[in-house]
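[1] Attaching a predicted model along with its sequence, questions to come.
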Amino acid sequence: MTTTRGNQPEVSEAQARRVAEAARESEWHQPSFGKELFLGRLRLDLIDPWPRPAPSPEADAFLARLTDYARDGIDGAAIERDARIPDEVFQGLAALGAFGMKIDREYGGLGLSNLHYCKALTLLGSVSASTAALLSAHQSIGVPQPLKTFGSTVQKQEFLPRLAGGEVSAFLLTEPDVGSDPARLGTTAEPVEGGFRLNGVKLWATNGTVATLLVVMARVPERGITAFVVEGDSPGITVERRNAFLGLRGLENSVTRFHDVFVPEGNVIGGLGRGLRIALTTLNTGRLSLPAMCVGAGKRSLAIAREWSAERVQWGRPVGTHEAVASKIAFIAATTYAMESMLDLCCMIADDARNDIRIEAALVKLFASEMAWRVADELIQIRGGRGYETAASLAARGERATETEQILRDLRINRIFEGSTEIMHLLIAREAVDAHLSVAGDIIDPEADLGRKARAGARAGRFYARWLPTLTVGRGQNPLEFGQFGPLSRHLRYAERASRRLARSTFYAMSRWQGRLERKQGFLGRIVDIGAELFAISAVCVRAHAERTTRPEGVELADLFCRQARLRAESLFDQLWQNTDALGVTAAERVLDGRYAFLEEGVIHPDGGAAWVAPWTPGPSAADDVRRRIPPVP
């Protein structure tokens, strides 16, 4: 039975899992390189030969115009200083068609491929990460993408031309006390004549202060979480706050209250109760926008590191020639090459629609957000004190205004946005063990009766009798395999061996912990991280091989990256079984119980009277409305 705590329903752990499980796509209608990788099968045929996108002169022309505008019309330093994207930037981007990059041409958009769209975000992010985030939130998770996949023809005709023309959209799911556990969603949509009455408060709505069209997730009684298109200026909507953050200072992010907001019945997206599935499906390709900005940050970091390290002299030599700094430069170069290779590959296989990319998109989001943060951290170390100094401070004393510390701040959110690293680990791990759960899940399900367990045992016996022998010997043990890849063949043989080892480790873990495996989050996280490294190795090898005649230096970068990735993967394999996870859980419980509170003594703690999570109550807003409306293009 579901109870309530404040405005959020109080749900059990089992109920929360059931809600999440019901929302995920359970069917696999197309092949998946990532799915096969976790099953111990390196299906290189799914990504090799390297995809070749169809020529698009229109997309190339748009990117050229966007390049000119970003260089001359967007002042990233001013956006950082003023914490505001100027109206004229909104208008300039609208005039270019940038708000309709992912909207089909029949609705007034540009109809760009995922590849060209991500190239545009990479470009913009190098000038202003806040501006790239604006367009990403608008198109990747805002109204255009859900309507493109799930919207009716009427909805597309009504809303998409407005959005392509420059109106801004936002996605509203998170609430003050609801993050990655949507089962506790408190915003309600009560059926009334002709539609629904919306009540609730949404937190961290990117674009929320400027959006005129919103995707709102709300709970319809007896029907479940549902997605609605809501007019941003509807009576009863109050934008109560514009939130401020560590980075992305130009981001228009809001706290938005809904009080008896009427939403027409025709604004339901995809049917009642399908909201979470719509959100997760949207993110399958929507997640690619964050790696695009990580790639941009990597490219910018590499340029700064190269130029600075060649010019700065210490102890009679350029700092970049000292091994301690050289290793950092090498890491930045190799990792940027890998992030770009993974992203381009994911975009192209999404565009040709031959493969299911839900795992690959999640892996590149996870990998790029974590590795780009490390890239930026290493860049600061290379720059030393100047890396910690703001661009404005550097410029004030006559030095180049290099935004190193801003890159770090702007990147930090990507490890949280659209699924934190911890949630991504669990999401990908669930897909990685899907084959096992589909045949043996009832064996470890405490709610399954003896009949279900017996049938599951028979299925599992047949599955593992066929599958386990394939994990013993494979192509990676033949020194002649993958020979067409030349010096990179050794890395693909490693990836093939490691994928089988990864699958064996997953099977051993299921046998050992059974139903308790879902609580072994450290183990599952390492399994996923190994998979990400193997996917990256595969991507860089296939790309470098495809470009070996036009860009032979790519083979050098691919080899360097693979050597680095293999060391990380081997360390993760060791940590699967030798770690302090259990001890850490015990220590954390003791911390929470106050056992180690003595460590907090001897410092001044600010007044902690305010609640950690601000409560809210239904009703009209008592705050001033801080929404911002952008004048249309003159």
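    Cool, the structure landed. Residues are numbered from 1 along each chain as shown.
[2] residue ranges for the helices of the stretch 351-500 of the chain, please.
    358-383, 385-388, 391-396, 404-412, 421-432, 434-444, 450-467, 489-513 (DSSP state H, counting those that start in this stretch).
[3] and what of the stretch 101-250 of the chain?
    Counting by DSSP H, counting those that start in this stretch, the helices of the stretch 101-250 of the chain are 114-127, 129-136, 144-150, 153-164.
[4] follow-up on the earlier one: lowest mean pLDDT across the helices of the stretch 351-500 of the chain, which one is that?
    Lowest mean pLDDT of these: helix 434-444, a mean of 77.
[5] Compare the mean pLDDT across the helices of the stretch 101-250 of the chain and name the weakest.
    helix 144-150 (a mean of 94).
[6] And the residue lying farthest from the centre of the chain, how far from residue 385?
    Ranked by distance from the centre of the chain (C-alpha atoms, centre = their mean), the top residue is residue 316, with 43.6 Å. Residue 316 sits 21 Å away from residue 385, going by C-beta to C-beta, to the nearest Å. (Each C-beta comes from the backbone N, C-alpha and C, glycine too.)
[7] Next: residue 600.
    With C-beta to C-beta as the criterion, residue 600 and residue 385 are 31 Å apart.
[8] In terms of neighbours, single out the busier of the two.
    Set side by side, residue 600 and residue 385 show more neighbours around residue 600, with 10 against 7, by other C-beta atoms under 10 Å.
[9] tell me the contacts of that one?
    With contact set as C-beta atoms under 8 Å, 6 or more residues apart in numbering, residue 600 has no partners.
[10] what does residue 288 give?
    Here residue 288 is in contact with 114, 118, 140, 343, 346, 347, 350, 361, 364, 365 (criterion: C-beta under 8 Å, 6+ apart).
[11] in this structure, which helix or strand is least confident?
    Counting by mean pLDDT, DSSP states H and E, the weakest-scoring helix or strand in the chain turns out to be strand 3-5, with a mean of 49.
[12] what's the neighbour count on the closest residue to residue 481 other than its chain neighbours?
    Residue nearest to residue 481 in three dimensions, not counting chain neighbours: residue 475, with 4.4 Å by C-beta to C-beta, 6 or more residues apart in numbering. Residues near residue 475, counting by other C-beta under 10 Å, number 15.
[13] so residue 55, which of the three states?
    Recorded secondary structure, residue 55: coil (DSSP: H, G, I helix; E, B strand; the rest coil).
[14] Looking at it now. What's its pLDDT?
    pLDDT recorded at residue 55 is 92.
[15] The residue nearest to residue 481 reaches residue 496, doesn't it?
    Yes: using C-beta atoms under 8 Å, residue 475 is in contact with residue 496, at 5.2 Å.
[16] Quickly list what's touching both of these two.
    Counting by C-beta under 8 Å, 6+ apart, the common neighbours of residue 475 and residue 496 are 42, 481, 482.
[17] Now for the first one: which residues touch it?
    Taking C-beta under 8 Å, 6+ apart, we find residue 42 in contact with 36, 474, 475, 476, 492, 495, 496, 499, 534, 538.
[18] Buried only: go through those for me.
    36, 474, 476, 492, 495, 496, 499, 534, 538 (16 or more other C-beta atoms under 10 Å).
[19] related to what we said a few turns ago, and the residue nearest to residue 481, what does it touch?
    Counting by C-beta under 8 Å, 6+ apart, residue 475 has contacts 42, 481, 482, 493, 496.
[20] ok, and the closest non-adjacent residue to the last one?
    Of all residues beyond its chain neighbours, the one nearest residue 496 is residue 476 (3.3 Å), with distances taken as C-beta to C-beta, 6+ apart.
[21] so that neighbour touches residue 497, yeah?
    Yes: look at residue 476 against residue 497 with C-beta under 8 Å: they come within range, at 3.7 Å.
[22] wait, what's in contact with the closest residue to residue 417 other than its chain neighbours?
    Nearest non-adjacent residue to residue 417, counting by C-beta to C-beta, 6+ apart: residue 290, 6.0 Å away. By C-beta under 8 Å, 6+ apart, the contact list for residue 290 reads 136, 365, 368, 369, 414, 417, 418.
[23] could those be laid out in JSON lines, adding neighbour count and distance to residue 240?
    Listed next are the contacts of residue 290 as JSON lines, based on neighbours: other C-beta atoms under 10 Å; distance: C-beta to C-beta, whole Å:
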{"residue": "136", "neighbour count": "28", "distance to residue 240": "24"}
{"residue": "365", "neighbour count": "30", "distance to residue 240": "30"}
{"residue": "368", "neighbour count": "32", "distance to residue 240": "33"}
{"residue": "369", "neighbour count": "27", "distance to residue 240": "29"}
{"residue": "414", "neighbour count": "25", "distance to residue 240": "26"}
{"residue": "417", "neighbour count": "21", "distance to residue 240": "22"}
{"residue": "418", "neighbour count": "23", "distance to residue 240": "23"}
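[24] As a markdown table, those residues with distance to residue 458 would be great.
    Listed next are the contacts of residue 290 as a markdown table, based on distance: C-beta to C-beta, whole Å:
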| residue | distance to residue 458 |
| --- | --- |
| 136 | 48 |
| 365 | 38 |
| 368 | 42 |
| 369 | 42 |
| 414 | 45 |
| 417 | 44 |
| 418 | 40 |
